[in-house]
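Participant: With the sequence up front, the predicted model follows.
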Amino acid sequence: MNPTRSRGLTLAAVTACISGVAIFLNSHGVAAYGDPAAYTTAKNAMAALIIAVVFLVARRAAGPDAVSVTRPARALQWWGLAYVAVLGGAVPFVLFFRGLVTTESTQASFLHKMLIVGVALLAVPLLKERFTAWHLAAIALLVVGQVGLAGPLGLLADTGTMLVGAATLLWAVEVVVAKRLLADVTPWTVSLVRMAGGSAALLAWAVATGSLATVMPSTAEQWGWVLATGLLLAGYVLTWHQALMRAPAIDVTAVLVLGALVTALLATILDGAVLAPQAPWLAAILTGAALIWGAPRPQSPADAETQGAHA
């Protein structure tokens, strides 16, 4: 396997583990906070602050050549970063967490992991990524596994499900936009813009709606949730953009589905859910991810460009 793609898939696996924990904890965190929009704004602002601190520390340790931000050189890059900030780092978070209030964490995880379907449909025509029989078999197994884990309730189109689904669609477009941006700007740039710009948009909305006072945590429990989930979100964003820079968007998004295993395990250990009936579906997800990881990969022009720039 190409070492650059291998590093990208490994980073995506780390992102998947973080995602699995975050989805499980967020369903409890948003309930403890009360207001989904206020919780999302506080958590994302904490993540933006953590990413900024990590950036400064890493830049000091590794030097400005290794850790840097890129000033956009074209209007399309500015528009792309604006999309990542507002329609990637702000609006879908509010939709997702409002949806999470009225749907189960397993269902939310199911819809979020359907990101792979949207990304595959967009990445082939827009990013010129290859889609082989291995991808088709892998995505089929990932979808079957997710449907099995979600159970009959996963098919209900209630309000929460619709909101989480809308957020997932916006994030699918964001993946393609970010992948295109990463050909010219550093992952640090995309991560900082997504969380700092998205948090600014969320805070501006809180000011406009007169709800800013509810954003600031008022109890030790709320501070704990904001700090814990902000740390997870910062780790998710940083590892995700590093992965997306090194490997095709379809491949890293497919590996992200592994987060469902983590969510299912946490639900079993902490909520007392029975794991045995889920074993066949978890095996399907593992097999699908393994197919992506081991797939022979003839190079497309987009792949060659990625590997040449980031080897």
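Facilitator: Okay, I see it.
Participant: who does the host helix or strand of Val54 touch, helix- and strand-wise?
Facilitator: Take DSSP states H and E as the rule and Val54 turns out to sit in helix 36-62. Under the contact definition 3 or more Cβ pairs under 8 Å, 6 or more residues apart in numbering; DSSP states H and E, helix 36-62 sits against helix 3-33, helix 91-102, helix 187-192, helix 198-208, helix 212-215, helix 220-246. Any C-beta I mention is one placed from the backbone N, CA and C, and that applies to glycine too.
Participant: So which of those is nearest Ala172?
Facilitator: helix 91-102 (9.9 Å; Cβ to Cβ).
Participant: hmm, who's touching that closest one?
Facilitator: The contact list for helix 91-102 (Cβ atoms under 8 Å, 6 or more residues apart in numbering) reads 26-27, 30-31, 36-37, 39-40, 44, 108, 112, 158-168, 170-171, 174, 198, 201-202, 205.
Participant: Over to stretch 28-38?
Facilitator: 39-40, 42-43, 94, 97-98, 100-101, 202, 205-206, 211, 214-215, 217, 221-222, 225-226, 228-229.
Participant: Write the PyMOL selection for whichever of those are buried.
Facilitator: Only the buried entries of the contacts of stretch 28-38 go into this PyMOL selection, using 16 or more other Cβ atoms under 10 Å:
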select buried, resi 39+40+42+43+94+97+98+100+101+202+205+206+214+215+217+222+225+226+228+229
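Participant: Looking at Ala309 now. What's its pLDDT?
Facilitator: Note on Ala309: pLDDT of 50.
Participant: Compute the first-to-last residue distance for stretch 190-199.
Facilitator: One end of stretch 190-199 sits 14 Å from the other (Cα to Cα, to the nearest Å).
Participant: List the contacts of that stretch.
Facilitator: With Cβ under 8 Å, 6+ apart as the test, stretch 190-199 has contacts from 41, 44-45, 47-48, 51-52, 55, 69, 81-82, 84-86, 88-90, 93, 178, 181-182, 233-234, 237-238, 241.
Participant: 6 Å instead?
Facilitator: Residues from elsewhere that reach stretch 190-199 (Cβ atoms under 6 Å, 6 or more residues apart in numbering): 44-45, 47-48, 51, 81, 84-85, 88-90, 178, 181, 237-238, 241.
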